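> Got a sequence here, can you build the structure:
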Amino acid sequence: MYIVVIGAGHVGLHLIQSFSQRGERIAVIDKSERKCRHVSTTFDAVAFVGSGKDRRVLRSAELEKADMLFAVTDNDLVNLAACRMAKKDFAVPYVVALANSPRRKEELKDAGADAVICPLDEAIRLVENALRTPNVSVLFIDPEEDCKLVRVTIPLNASVAGKTVRHLDLPPGCKVGLICGRNGLVFPDKGTQIAVHDQVFLLGAREAVDDGVRKLTMSELA
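Model (predicted):
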């Protein structure tokens, strides 16, 4: 597989190291001559000094032969331009882009990115997990789209234990998407019963999901 990485910063170096260890063919583009020299002497990769939005540099890296492109610079405008050219001019099958600002996520998708990574979203998810009880894990969160996915493990003394989905009294905008329990994975209907230790996956609007989590973890004594 031939992989092109634009940006040899923290994220880019991690990718380069990982792909190099797997024996992939790698080309790296970065505007820093020092970073390119470090990449070419440390990893099994070819480095090109220049901007990821310079079509001539992309041609030098033979982007038209790439199976994957990772546009992971600290400049969203560069990542946008690289994604757009990768799809339109070089027909790269799979493009991954880094969104340094959450506001750029949709623009990067519109520019052709097949997948967009936003570190700020991940940081918010980690902070929310740190503030949660051990029974709750935030799996996905998108502040801009106001959506959230959480996994709730039903505690021993939960008041919802034994109730059906119909009687959970979840707020509008929040629903049970999946239950993992003693019967395996279940796509629940309104008659599905909740049991202690079930892992219940809630999804919906952030505030509604937070309210749903409180209902699922509420003690019988509360």
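> Poorly predicted segments of the protein, please.
By pLDDT under 70, the low-scoring segments of the chain are 124-133, 220-222.
> Identify the residues contacting residue 105.
Contact analysis of residue 105 by CB atoms under 8 Å, 6 or more residues apart in numbering lists 99, 116, 118, 144. Just so you know, the C-beta spots here come from the backbone N, C-alpha and C atoms, and that holds for glycine as well.
> Could you measure from the closest residue to residue 26 other than its chain neighbours over to residue 89?
In this structure, residue 26 finds its nearest non-sequential neighbour in residue 45, 4.0 Å apart by CB to CB, 6 or more residues apart in numbering. As for residue 45, its distance to residue 89 is 23 Å (criterion: CB to CB, to the nearest Å).
> which one of the two has more residues nearby?
residue 45 (21 against 13; other CB atoms under 10 Å).
> For the more buried one, give its distance to residue 23.
Residue 45 is 12 Å from residue 23, by CB to CB.
> Grab the nearest non-local neighbour of the residue most central in space within the chain.
In the chain, the centroid-proximal residue (CA atoms, centre = their mean) is residue 117; its distance is 5.2 Å. Once flanking residues are discounted, residue 117 sits nearest to residue 98: 5.4 Å by CB to CB, 6+ apart.
> Got the domain ranges for this structure?
Listed domain ranges for the chain are 2-117, 128-217 (source: automatic domain parsing).
> Quick check: which of those domains is buried the most?
domain 2-117 (a mean of 19; mean count of other CB atoms under 10 Å).
> Name the nearest residue to residue 17, sequence neighbours excluded.
residue 43 (6.5 Å).
> Test my guess that that neighbour contacts residue 16.
Yes. Between residue 43 and residue 16 there is a contact under CB atoms under 8 Å: 5.4 Å.
> Show me whatever sits in contact with both of those two.
Joint contacts of residue 43 and residue 16 (CB under 8 Å, 6+ apart) are residue 26.
> any idea how far the residue nearest to residue 217 when sequence neighbours are not counted is from residue 24?
For residue 217, ignoring the flanking residues on the chain, the nearest one in space by CB to CB, 6+ apart is residue 135 at 5.8 Å. In this view, residue 135 and residue 24 are 40 Å apart by CB to CB.
> cool, residue 187 as well?
For residue 187, the distance to residue 24 - CB to CB - is 37 Å.
> who's in contact with residue 81?
52, 53, 111.
> next structured bit after the helix or strand where it lies?
Per DSSP states H and E: residue 81 is located in helix 76-88. Using DSSP H and E, the next helix or strand after helix 76-88 towards the C-terminus is strand 94-98.
> in this structure, which spans are helices?
10-21, 33-42, 55-60, 76-88, 105-110, 119-131, 206-217 (DSSP state H).
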